[in-house]
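Chemist: With the input below, show me the fold.
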Amino acid sequence: LQDYQKAKVVRLAGETEQSTRTLASVIIVFAFLITLGALVVTTQMSTRLISQPIRSITQVMRQLASGDLSVKVGDLNRRDEIGAMAKAVEVFRNNALEKVRLDKELHASEDRFRLLFTQMLEGFALHEIICDGEGRPIDYRFLAINPAFERMTGLKADSAVGRRVREVLP
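Modeler: Purely as a prediction, here's the structure:
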């Protein structure tokens, strides 16, 4: 009877040890699967929350650099580094749009000036004053001459502009 009970205890101990090994293997596999699942979820979230917005902002910057100012910047409402980058790109875009607007205004103003300058009946010459080392005016340089000035003085713009008055009229 003692041998029977000892054999039963040994058999039960073996079964318990086998069950423990099986349970440990199941726990390890389960932990591995949970870790793998967490990694997949983290990767998906990272891609959705970080990589895709960065790629989007990079694409917007490429379009802006190529001159396409009609592109819209996304992720402006985010309160993290991605949002800060998006806001910086939006500021760049707005500054570029403002520069384009100001350039158009400047060209229009230049066109109006050029029309007035060439069509006015009064002779007009624009000069740059040239000073000596002590700041005293000693000469001036012709910067622009209108057609009326040419008619009145006989000086031609193509021979006078860029030259000093003492060179043109010694």
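Chemist: I'd like the mean pLDDT over the longest strand seen in the chain, please.
Modeler: Counting residues, the longest strand found in the chain (DSSP state E) is strand 137-145. The average pLDDT for strand 137-145 rounds to 96.
Chemist: Show residues contacting it.
Modeler: For strand 137-145, contacts defined as Cβ atoms under 8 Å, 6 or more residues apart in numbering pick out 117, 124-132, 155-157, 160-166, 168. Glycine gets a C-beta too; all of them are placed from N, C-alpha and C.
Chemist: and those, which are buried?
Modeler: By neighbour count, with 16 or more other Cβ atoms under 10 Å, the contacts of strand 137-145 hold 117, 124, 125, 155, 160, 161, 164, 165 as buried.
Chemist: Identify the residues contacting residue 129.
Modeler: Here residue 129 is in contact with 137, 139, 140 (Cβ under 8 Å, 6+ apart).
Chemist: Just among those, which is most surrounded?
Modeler: Tallying neighbours with other Cβ atoms under 10 Å puts residue 140 at the head of the contacts of residue 129, with 16 neighbours.
Chemist: Leaving out the residues flanking it, which one is nearest to that residue?
Modeler: Excluding its sequence neighbours, the residue lying closest to residue 140 (Cβ to Cβ, 6 or more residues apart in numbering) is residue 127, at 4.2 Å.
Chemist: Tell me which residues touch that neighbour, please.
Modeler: Here residue 127 is in contact with 140, 141, 142, 143, 165 (Cβ under 8 Å, 6+ apart).
Chemist: ok, the helix or strand where it lies: who's next to it in the sheet?
Modeler: Under the criterion DSSP states H and E, the helix or strand holding residue 127 is strand 125-131. Partners of strand 125-131 in the sheet, by DSSP bridges, are strand 137-145 (antiparallel).
Chemist: Let's see the partner strand as PDB, backbone CA atoms only.
Modeler: The C-alpha coordinates for strand 137-145 follow below in PDB (Å, rounded to 0.1, in the frame of the first residue of the first chain):
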ATOM      1  CA  PRO A 137      28.300 117.300 -51.900                       C
ATOM      2  CA  ILE A 138      30.700 117.400 -54.700                       C
ATOM      3  CA  ASP A 139      28.800 115.900 -57.700                       C
ATOM      4  CA  TYR A 140      25.700 113.900 -58.500                       C
ATOM      5  CA  ARG A 141      25.000 110.900 -60.700                       C
ATOM      6  CA  PHE A 142      22.000 110.600 -63.100                       C
ATOM      7  CA  LEU A 143      19.700 107.800 -62.100                       C
ATOM      8  CA  ALA A 144      16.800 108.400 -64.500                       C
ATOM      9  CA  ILE A 145      15.900 110.900 -67.200                       C
END
